[in-house]
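**Q** generate a structure from the sequence data that follows.
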Amino acid sequence: MEDMDLAQVISNQINNTPVGEDVTINFKGAPISVDIQMEFIGGWVITQTVIPGNSFTFTRDEDQYLKSISIIFNKYEGLS
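**A** Coordinates of the predicted model:
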């Protein structure tokens, strides 16, 4: 799946979740860690690293509070 397709899937999942409900983004098929950063109005920034096989869950709020979400799939070079 291309980056733009994945971004659209995640965006749709967030937008289709009612306010006050949990949004769960699953990374069960990714054998790498994933860094997630959420930036909010007022300067709050939340950063989380999700280890392989786990998911990221947050409660959806009104749209005007969230400025951006950044999801970075970390490279895996194997064991050294």
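**Q** show me where pLDDT drops low in the protein?
**A** The model of the chain has pLDDT under 70 over residues 1-4, 30, 80.
**Q** now the strands for this structure?
**A** For the chain, applying DSSP state E gives strands covering 22-26, 34-40, 45-50, 55-59, 66-73.
**Q** between these, which gets nearest to residue 7?
**A** If you check each of the strands of the chain against residue 7 by CB to CB, strand 66-73 wins as the nearest, at 8.0 Å. (Glycine included, C-beta is placed from N, CA and C.)
**Q** could you say what helices and strands that closest one packs with?
**A** Secondary-structure packing of strand 66-73 (3 or more CB pairs under 8 Å, 6 or more residues apart in numbering; DSSP states H and E): helix 3-15, strand 34-40.
**Q** off-centre distance for stretch 65-78?
**A** For stretch 65-78, the separation from the chain centroid amounts to 7 Å (computed by CA atoms, centre = their mean, to the nearest Å).
**Q** start to end distance for it?
**A** Taking CA to CA, to the nearest Å, the first and last residues of stretch 65-78 lie 39 Å apart.
**Q** got a list of contacts for it?
**A** Identification of contacts with stretch 65-78 by CB atoms under 8 Å, 6 or more residues apart in numbering yields 10, 14, 25, 30-41.
**Q** again with stretch 21-32
**A** The contact list for stretch 21-32 (CB under 8 Å, 6+ apart) reads 10, 13-14, 17, 34, 36, 50, 52-60, 71, 73-76.
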